[in-house]
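Trainee: Dropping a prediction and its sequence here:
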Amino acid sequence: LENAIEYESFLKKEETDAETGLPLFSQLYSFLDEKIKGPEGFRGYLSLIILEFANQNKINTEYGTEAAAAILEVLLNKMNGLTEGRAKCFRYKESNQFAYTFTDLDSDGVSMFCLDVLGSISEEGFTVSGKEIAVEVILGYSVAVEKTSSVDELLEEAEHLLDIQKV
């Protein structure tokens, strides 16, 4: 209940994305910083997953922004279902990136969750104007451990995984 109330307070602040209504990157950073540098020190798990809708620009160009927005809505709804309310969702740095934070997944759990996400999205049939479209999603993740001292460490690790998939 405490986590849900905390997340609602982030949503009520004015730093939300106009398109999705999600808290912006600045809110994510503040949230992670509070968790890592909290008054009692960091305990437990803090996992970050960055989801990137890799071919959003291509879909925008070929099928229009409405088609890309519809696919994005399906992706976010699918992620919401897969997280089962256990994650907090934020808009990440780019318009095609989203961040999910978990406090109940260790490194094995977050990697298995990422596999579930990729499998679920690959099974989804995305159709625009009667034509099936392949949606490309890449994921980067990291898990804070007790020696994690800054948000930047957590972000850099997840971003590194994203970057190596783009090569």
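Mentor: Received it, and whenever you're ready, just let me know what you need. All values derive from a computational prediction rather than experimental measurement.
Trainee: In terms of helices and strands, where is the residue nearest the centre of the chain?
Mentor: What sits nearest the mean C-alpha location of the chain, by CA atoms, centre = their mean, is Ala99, with 2.5 Å. For Ala99, the element it lies in under DSSP states H and E is strand 97-102.
Trainee: Next, the contact list for Glu156, please.
Mentor: Glu156 makes contact with Ser142, according to CB atoms under 8 Å, 6 or more residues apart in numbering. All C-beta atoms are positioned from the backbone trio N, CA, C, and that covers glycine.
Trainee: So which bits of the helix or strand hosting it are buried?
Mentor: When secondary structure is defined using DSSP H and E, the element that contains Glu156 is helix 151-166. For helix 151-166, burial by neighbour count (16 or more other CB atoms under 10 Å) applies to 151, 154-155, 157-159, 161-162.
Trainee: Restrict it to CA atoms and write it as PDB.
Mentor: Coordinates of the C-alpha atoms in helix 151-166 are reproduced here as PDB (Å, rounded to 0.1, in the frame of the first residue of the first chain):
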ATOM      1  CA  VAL A 151      21.200   6.300  -9.400                       C
ATOM      2  CA  ASP A 152      23.700   6.900 -12.200                       C
ATOM      3  CA  GLU A 153      25.300   3.500 -11.700                       C
ATOM      4  CA  LEU A 154      21.900   1.800 -12.000                       C
ATOM      5  CA  LEU A 155      21.000   3.800 -15.100                       C
ATOM      6  CA  GLU A 156      24.300   3.300 -16.800                       C
ATOM      7  CA  GLU A 157      24.100  -0.500 -16.500                       C
ATOM      8  CA  ALA A 158      20.600  -0.700 -18.000                       C
ATOM      9  CA  GLU A 159      21.500   1.800 -20.800                       C
ATOM     10  CA  HIS A 160      24.700  -0.300 -21.600                       C
ATOM     11  CA  LEU A 161      22.500  -3.300 -22.200                       C
ATOM     12  CA  LEU A 162      20.300  -1.300 -24.500                       C
ATOM     13  CA  ASP A 163      23.300   0.100 -26.400                       C
ATOM     14  CA  ILE A 164      24.900  -3.300 -27.000                       C
ATOM     15  CA  GLN A 165      21.700  -4.600 -28.600                       C
ATOM     16  CA  LYS A 166      21.700  -1.700 -31.100                       C
END
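Trainee: how far does that helix sit from the chain's center?
Mentor: Relative to the centre of its chain, helix 151-166 is centred 13 Å away, using CA atoms, centre = their mean, to the nearest Å.
Trainee: tell me the mean pLDDT over that helix?
Mentor: The pLDDT scores in helix 151-166 average 94.
Trainee: can you check stretch 20-30 too?
Mentor: Stretch 20-30 comes out with an average pLDDT of 91.
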